[in-house]
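J.: what's the 3D shape of this:
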Amino acid sequence: MTRKGAESQENEMNHQIKSTQQDYFRGKVALVTGGGKGIGREIARLFGAAGCRVAITGRDPDALDRTAQEFRKNGIEILTVSGDVSRVDDCRRVISRCVDGYGQLDILVNNAGMTMRGMFRDISLELFHGIMDVNFRGTVNMTKLSLDELEKSGGSVIFISSLAGLKGLPGVSPYCSSKMALTALGESLRSEYGGRVHFGTLYVSFTENDPEKTMYNENGELIPLKRDKTASSQNDVARSVLRLVHKRRRYAVMTAGGKLIKLVYALFPNLAEALITRFAGGSKLYAYDRLDARD
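T.: Numbering: from 1, shown residues only. Model prediction:
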């Protein structure tokens, strides 16, 4: 990105942030998992533009370095720590480095995740467990190990879920299971902490991906994640996260279509299930090719 392009992007970010949000976030520390790429990168970028000191973690150190270089050119203070959220020791190290570097932790965004496509009967137990390890257990690890610091600051924990976390869908049973579990986790922790820490869940709609984004097929092979249509940009998701933290809301469902889907699920469960069974499996939103077939 050219210097002029970076400045234009920074100005656009600043225009999206209200003065009340700037006042709220200035000087806070935000830690974003899966922060080197995609949605996580944009969430971290917007927190930085709002005045937060940012820490990002992920399994790809090169992606973390690229993101850090870009952020620093835009004047965003950033710390990077490579790590795998499914490994407890990595989570401890990430949180320790963040607190040692910044002296506090105010916001944890549990964004790291994996997705897949494949019918339950065709996928291996190893793949199912692997999805749960990152999407759910990784979130549990980071949240559990961060809570002492977050309770000191009266901070926020955000769970990045999905419309697939509202109802089980065909062909994505591990993903749905992991995302639905986040709802229960958030509800339980909200009851236990009674407002001392804010817990919010964002149900994301179909969102644009980085071109190199991959997922797993039923054989555990990495394949490109392709969508003919998306309902949200990565920046849309980042702005929703910012609002969720600023307003300390319990949850938010993205897009008008997502809100309608949630309502239909609640009011007409049998009809919703019949429609999903009939149409979702054949939808182009589920289309994928093998990596060796990609141009």
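
J.: In contact with residue 181, which residues are there?
T.: 132, 136 (CB atoms under 8 Å, 6 or more residues apart in numbering). Backbone N, C-alpha and C define where each C-beta goes, glycine included.

J.: try 10 Å this time
T.: Taking CB atoms under 10 Å, 6 or more residues apart in numbering, we find residue 181 in contact with 132, 135, 136, 137, 139, 140, 159, 161, 165.

J.: Report the distance from stretch 199-212 to the chain centre.
T.: Between the centre of stretch 199-212 and the centre of its chain there are 6 Å (CA atoms, centre = their mean, to the nearest Å).

J.: buried ones in it?
T.: For stretch 199-212, burial by neighbour count (16 or more other CB atoms under 10 Å) applies to 199, 200, 201, 202, 203, 204, 205, 206, 207, 208, 209.

J.: List only buried entries from the contacts of residue 181.
T.: 132, 135, 136, 137, 139, 140, 159, 161, 165.

J.: What distance do you get for the last one to residue 217?
T.: Spelled out, that is residue 165. 21 Å (CB to CB, to the nearest Å).

J.: Return the set of buried residues in the helix or strand where residue 179 lies.
T.: Residue 179 is located in helix 173-193, with elements delineated by DSSP states H and E. Of the residues in helix 173-193, 173-183, 185-186, 189-190 count as buried by neighbour count, 16+ other CB under 10 Å.

J.: One more: stretch 100-108?
T.: 102, 105, 106, 107, 108.

J.: Show the average pLDDT along it.
T.: Throughout stretch 100-108, pLDDT has a mean value of 98.

J.: Send over that stretch as PDB, restricted to the C-alpha atoms.
T.: Extracted in PDB, the C-alpha atoms of stretch 100-108 (Å, rounded to 0.1, in the frame of the first residue of the first chain):
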ATOM      1  CA  ASP A 100       3.700  -7.200  30.300                       C
ATOM      2  CA  GLY A 101       3.900  -5.000  27.200                       C
ATOM      3  CA  TYR A 102       1.000  -2.800  27.900                       C
ATOM      4  CA  GLY A 103       0.400  -3.100  31.700                       C
ATOM      5  CA  GLN A 104      -3.300  -4.000  31.300                       C
ATOM      6  CA  LEU A 105      -6.000  -5.800  29.300                       C
ATOM      7  CA  ASP A 106      -9.300  -4.200  28.600                       C
ATOM      8  CA  ILE A 107     -10.800  -6.000  25.600                       C
ATOM      9  CA  LEU A 108     -10.500  -9.600  24.400                       C
END
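
J.: Could you grab the helix/strand/coil label for residue 118?
T.: Three-state call for residue 118 (DSSP: H, G, I helix; E, B strand; the rest coil): coil.

J.: what's near enough to touch it?
T.: 124, 127-128, 171-174, 215-220, 288.

J.: what does residue 47 give?
T.: With CB under 10 Å, 6+ apart, residue 47 has these contacts: 17, 25, 28-32, 35, 53-56, 76, 106-107, 109, 238, 241-242, 245.

J.: Which members of the residues you listed are classed as buried?
T.: 17, 25, 28-32, 35, 53-56, 76, 106-107, 109, 238, 241-242, 245.
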